[in-house]
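Visitor: Fold the following, please.
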Amino acid sequence: MTDIRIALSDKAIAQLPTPEDGWYLARDTELKGFFVVVGKRKRTFTIQGDLRQRGKRASSIRVSIGDASELTTRAARALAKEYLAQISKGKHPKARQDGNAEQGNTNRDEAVASVTLKQAWQRYLEAHLIRKGRSEKTISGYRDHVERIFSEWLDTPLLDLANDPGRVAEKHDELSKENGPYMANGSMRTLRAIYNHARKTNRSLPRDNPADAVDWNQEERRNTGMGTGDLKGWFLELANLDNPIRREFHLFTLLCGSRPTALQQAKPEHINFRRRTLHIPKPKGGSKRAFDIPLSREMILSLIRVLRFGRQMHPSQAQDWLFPAESASGHLAETKEDRDILSKWGNDLRQTFRTIAAAAGVSEFDAKLLMNHSIPGVNAGYVTRRKLVEDHLRSQQQAISTVAFSGLDKSLVGQGPLSDWLGHAASRRVVSLFQLKPAPLSEEKERIRQAA
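Guide: Numbers count the residues shown, from 1 in each chain. Purely as a prediction, here's the structure:
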């Protein structure tokens, strides 16, 4: 049952319904902080207040007054006023001479009920996110919400937020104005998840999640993908990027439709030129969602180019990463570009891949497999994706790449950025342009032979 507010009296308390499981609070409308805990077997007069030290709230404490079957409401209310007055002065009503609060009535439920948002977040992080193998990007998103957006609530007990849902709703309204509707909704979803997780081990928390008080902002799927008619202009923008590794990264993102964060952590050892696949060991959803990307001819050539560029520009990092960079991680960590230089990148290219797939006649089912989307329905469990990769999905991937490059034929002849990059014998010209020493001929021939 949910908590209620009534004018507490002996008669009203006797008529309170007994909960089927757990317990609920019947709060007094006359005296703030005074209530009855209604359980299956007994009803207990209790008070709650903020214990302050040096003018600041140190903790929110609950103190039981007595059993409602042994104490009248009038007597309990008088004791409640006395206890609340002591708490307001920074004194625990049931402190022993050694200064510690009496433990007899401070049961485990009361101790757990005082768990703060910071404590609940730490447990959610360790027991849920890390244990279930969530990606670093997912974890950093949750951490940003808790430690930045809700920084002033870190030491606030979850019970306080549960008992004051209006405070949460006001925070959402504030975030919507200052941080935008998507951030406001996202941070509240994080708070809701942490609260629900904390309640699994703390039934003393109210069932009603404080985030349920939020009036959610309307969210619309971002529609920033390109059609086939937009690709030539985008290819021209991409050809003029100074960094050839970043250029190949954006091209490969377009051709495979993968999430950028998954590609950033790809390694040379993940490439299998014989099978013509790139293995993604830990995509969104963790290692259990690992999959192989089938490679078209254009994708293979892109990988050969980036392997060469990587060995010459970042020889040390290129030993470990497919898209190396001078960063703390050793690989591309930030793939955003100035929109004036490159108009589409990141998730824009993932949407473009899906759009081009439709233009290429690729079925929705195959497109979802290529993008590693979850397939709904029971029949999806009978699909052996690895077998499809060997033949069917690779032909579908090739169809998408062919459509993506279909408008570039004339631009790849003669001179110009596109021709220098993707035209006949372009790799040699680009290497010369960047004054890069080409890889040993035997090694390069072997890579191309395996890719053929």
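
Visitor: where does the stretch 301-450 of the chain dip in pLDDT?
Guide: Scanning the stretch 301-450 of the chain for pLDDT under 70 picks out the ranges 375-390, 411, 413-415, 424-450.

Visitor: Tell me where it has strands.
Guide: Read by DSSP state E, counting those that start in this stretch, the stretch 301-450 of the chain holds no strands at all.

Visitor: which residues of it fall in helices?
Guide: With DSSP state H, counting those that start in this stretch as the definition, the stretch 301-450 of the chain shows helices at residue ranges 347-359, 364-370, 385-388, 394-405, 417-422, 426-433, 441-451.

Visitor: helices or strands up against the longest one?
Guide: I take that to be helix 347-359. Applying 3 or more C-beta pairs under 8 Å, 6 or more residues apart in numbering; DSSP states H and E, one finds that helix 347-359 makes contact with helix 244-256, helix 364-370, helix 394-405. The C-beta positions use only the backbone N, C-alpha and C, and glycine is treated the same way.

Visitor: Compare the ones you listed and give me the one nearest residue 232.
Guide: Minimum separation from residue 232 across those (C-beta to C-beta) falls at helix 394-405, 9.9 Å.

Visitor: Tell me the buried residues in the closest one?
Guide: Residues 394, 396-401, 403-405 are the ones in helix 394-405 that count as buried (16 or more other C-beta atoms under 10 Å).

Visitor: got the CA coordinates for it in CSV?
Guide: This file holds the C-alpha atoms of helix 394-405, laid out as CSV (Å, rounded to 0.1, in the frame of the first residue of the first chain):
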residue,chain,number,x,y,z
ARG,A,394,28.0,-10.4,-47.1
SER,A,395,26.1,-10.1,-50.4
GLN,A,396,23.7,-7.7,-48.6
GLN,A,397,26.6,-5.7,-47.3
GLN,A,398,28.0,-5.4,-50.8
ALA,A,399,24.7,-4.2,-52.1
ILE,A,400,24.7,-1.4,-49.6
SER,A,401,28.3,-0.4,-50.3
THR,A,402,27.6,-0.4,-54.1
VAL,A,403,24.6,2.0,-53.7
ALA,A,404,26.7,4.2,-51.4
PHE,A,405,29.4,4.6,-54.1
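
Visitor: and the angle for that helix with helix 347-359?
Guide: 110 degrees (axes from the mean of the first three to the mean of the last three C-alpha atoms, to 10 degrees).

Visitor: Could you pull up the contacting residues of residue 248?
Guide: By C-beta atoms under 8 Å, 6 or more residues apart in numbering, the contact set of residue 248 is 302-303, 305-306, 309, 323.

Visitor: Show me which of those are buried.
Guide: 302-303, 305-306, 309, 323.

Visitor: and which of the residues you listed is nearest to residue 273?
Guide: Looking across these and measuring by C-beta to C-beta, the closest to residue 273 is residue 303, at 8.4 Å.

Visitor: Quick check: the residue lying closest to the closest one once chain neighbours are set aside vs residue 321, distance?
Guide: Of all residues not flanking residue 303 in the chain, residue 271 sits nearest, at 6.1 Å (C-beta to C-beta, 6 or more residues apart in numbering). With distances taken as C-beta to C-beta, to the nearest Å, residue 271 is found 12 Å from residue 321.

Visitor: same check, this time on residue 137
Guide: 17 Å.

Visitor: Which one's more surrounded, these two?
Guide: Per other C-beta atoms under 10 Å, whichever of residue 137 and residue 321 has more neighbours is residue 321, with 21 against 13.

Visitor: The more buried one reaches residue 331, doesn't it?
Guide: Yes - when contacts are counted by C-beta atoms under 8 Å, residue 321 is listed as touching residue 331 (3.8 Å).

Visitor: what's the overlap in contacts for these two?
Guide: Common neighbours of residue 321 and residue 331 (C-beta under 8 Å, 6+ apart) are residue 265.

Visitor: Cool, thanks, signing off.
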